[in-house]
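> Predicted model follows, preceded by the sequence.
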Amino acid sequence: MVYLFLADGFEIIEAMAPADMLSRAGIECRLVGVTGEYVKASNGIEVKSDILIDDISPDESIEMVILPGGMPGTRNLEDNGKVIEFVKYCYDKGKYIAAICAAPSILGHLGMLDGIKATCFPEFSDELGNAVYTADKVEHSGNIITARGAGVAVKFGLKCVKALRGKSVSEQIARAIQK
């Protein structure tokens, strides 16, 4: 199970592209409404969540949590105690945490990127704590996947698939979508 957290002001492609790649791989991905059942993206499009954050709790069925960027979506995620509870749970249990654009800053503020390679939207690079900032499109260090922004959202989604189901599944999807 993958939980992809949506808060008002999220960047829509940074959420929908990974959700699509995971779906193509047969991985259950639930869109979790943090700020309500209908969540407004930074471009004004509303997305209906599958489940509300108050209706779920961290448990062993979680394989990954995904934090899309966007503003003020990233701040809305970081300000929600239950989102942070899920992130800390995954970190402590060695489960995957994936964050794109501004959202890796959340992990930086929590000290989860210290000493590992990470990337993000360049204007947030000083919020990654003691990470080794690479400015690459996507970084995968241990159980943490980070990405720069909307332009690499499909690549980010494929990296999430690779982490969960392996290189061959990720490459098969990449070929099918003409990546």
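Yep, it's here.

> Identify the bridge partners of the residue nearest the centre of the chain.
The structure's the chain has its C-alpha centroid closest to Ile66; by Cα atoms, centre = their mean the separation is 2.6 Å. Bridge pairing for Ile66 (DSSP bridges) gives the partners Leu4, Ala98.

> give the contact list for it.
Val2, Tyr3, Leu4, Phe5, Ala15, Pro18, Cys29, Ala98, Ala99, Ile100, Cys160 (Cβ atoms under 8 Å, 6 or more residues apart in numbering). (Glycine included, C-beta is placed from N, CA and C.)

> now the helices for this protein?
For the chain, the helices defined by DSSP state H cover 12-24, 73-78, 81-93, 104-109, 153-165, 167-176.

> Figure out which of the ones you listed is closest to Asp59.
helix 81-93 (8.5 Å; Cβ to Cβ).

> outside of the closest one, which residues touch it?
Against helix 81-93 from outside (Cβ under 8 Å, 6+ apart): 3, 5, 7, 34, 53-54, 58, 60, 62, 64-65, 67, 77-78, 95-97, 106-107, 110, 112, 143.

> Mark which of those are buried, thanks.
3, 5, 7, 34, 53, 58, 62, 64-65, 67, 77-78, 95-97, 106-107, 110, 112, 143 (16 or more other Cβ atoms under 10 Å).

> so which of the contacts of Ile66 is the most crowded?
Ile100 (34 neighbours; other Cβ atoms under 10 Å).

> Which residue, other than its chain neighbours, is closest to that one?
Excluding the flanking residues, the one nearest Ile100 by Cβ to Cβ, 6 or more residues apart in numbering is Ala147, at 4.1 Å.

> list the buried ones in stretch 47-61?
Across stretch 47-61, burial judged by 16+ other Cβ under 10 Å covers Val47, Ser49, Ile53, Ile56, Pro58.

> Stretch 15-30 now?
Applying 16+ other Cβ under 10 Å to stretch 15-30 flags Ala15, Met16, Ala17, Pro18, Ala19, Asp20, Met21, Leu22, Arg24, Ala25, Ile27, Cys29 as buried.

> wait, what's in contact with the residue lying closest to Leu158 once chain neighbours are set aside?
Nearest residue to Leu158, sequence neighbours excluded (Cβ to Cβ, 6+ apart): Ser170, at 4.9 Å. Neighbouring residues of Ser170 by Cβ under 8 Å, 6+ apart: Ala25, Leu158, Lys159, Val161, Lys162.

> isn't the first one right next to Ala163, touching?
No - Ala25 lies out of contact with Ala163 (Cβ atoms under 8 Å); the separation is 10.7 Å.

> intersection of neighbour lists for the two?
Between them, Ala25 and Ala163 share no contacting residue, judged by Cβ under 8 Å, 6+ apart.

> What confidence value was assigned to Ser125?
Here, the pLDDT recorded for Ser125 equals 97.
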